[in-house]
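Participant: Structure for the following, please:
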Amino acid sequence: MTAQKLGFPVLENPAELAQYQGWSQAVYEDLLAVESGKLSDTEFDDKYLATRAILVLDVTGFTQTAMHGGAISSFLRILDAQKICIPALRESGARLIHTFADDVIALFDDCNAALTASLAIQHRVAAYNHSDDKHDTPPECCIGIGFGPVYEIGPNLAMGDEMNRASVLGEDTARGGEILITENVHQAVSGFNMATFTLQSSDDLLFPYYRVTPT
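Facilitator: Have a look, this model is predicted:
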């Protein structure tokens, strides 16, 4: 519907929309084309849909650390986590690593690599927290992993249901040191021998998930 019919401004310029960094100008152009019927949903899928394993990592205690130790202390906690996590993600072949505030997002071509990276991260974080080099408030990491079709749009190049589920598990559900995975991941890693998987029951979530325990 046009701005003239609505009686208030409606922003429909792809270049202007892209300035606010939600999606690229090309994505805005294609979405507007879908909205107007010039591009089909199938054509949009063919252009942007891909299958990825998505690892979402959240550093715990940011607010509490800032309240009790100050902002700089909380920043150092995030810095420690990034210094430890990013090399492990690289070693496991992450195709994208994106940090934002106290989160780290990583994309992989397969679930085995994402799981291997997450186990390495939790092992290294625990080792750091028992070392003499740690800060007064050492980091703890919560990890959620999803797997499935996502749209390669937005800053994380992964928008879709499994991205949402991984975010819920990593940011809201997992505790420090935990790795939680979706049903799709569990089905894809049936031969993975570095961990066991325990189905979790929760009335708070609308989907099943599993806790990962290193072997």
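
Participant: only C-alpha atoms for contact and neighbour calcs from this point on.
Facilitator: Fine.

Participant: count of residues packed around residue 9?
Facilitator: Each residue near residue 9 was counted by other Cα atoms under 10 Å, and the total is 9.

Participant: same question, the one 4 residues further on
Facilitator: Here the number of neighbours of residue 13 (other Cα under 10 Å) works out to 12.

Participant: Check what pLDDT it gets.
Facilitator: Listed pLDDT for residue 13 reads 96.

Participant: So what does it have for phi and psi?
Facilitator: The phi/psi pair for residue 13 (degrees, to the nearest 10) reads phi -90, psi 110.

Participant: What values do phi and psi take at the most centrally placed residue in the chain?
Facilitator: For the chain, the residue nearest the mean C-alpha position is residue 56 (3.0 Å; Cα atoms, centre = their mean). Here is the backbone geometry of residue 56 (degrees, to the nearest 10): phi -120, psi 120.

Participant: what sits against it?
Facilitator: Contacts here follow Cα atoms under 8 Å, 6 or more residues apart in numbering; on that basis residue 56 touches 103-106, 143-145, 166-167, 170-171.

Participant: who's it bridged to?
Facilitator: Bridge pairing for residue 56 (DSSP bridges) gives the partners residue 105, residue 144.

Participant: so what's it scoring on pLDDT?
Facilitator: 98.

Participant: Over to residue 202?
Facilitator: 71.

Participant: what does residue 133 give?
Facilitator: Predicted confidence (pLDDT) for residue 133: 79.

Participant: That one: what secondary structure?
Facilitator: What DSSP: H, G, I helix; E, B strand; the rest coil gives for residue 133 is coil.

Participant: What is the burial count for it?
Facilitator: 9.

Participant: now do residue 24
Facilitator: 17.

Participant: Once you drop chain neighbours, what's closest to it?
Facilitator: Nearest non-adjacent residue to residue 24, counting by Cα to Cα, 6 or more residues apart in numbering: residue 18, 5.3 Å away.

Participant: Downstream of the helix or strand of the chain with the lowest mean pLDDT, the next helix or strand is which one?
Facilitator: Least confident element among the helices and strands of the chain, by mean pLDDT, DSSP states H and E: helix 62-69 (a mean of 64). Using DSSP states H and E, the helix or strand that follows helix 62-69 in sequence is helix 71-91.

Participant: Tell me which other helices or strands that next one touches.
Facilitator: If you count contacts as 3 or more Cα pairs under 8 Å, 6 or more residues apart in numbering; DSSP states H and E, helix 71-91 packs onto helix 62-69, helix 111-129.
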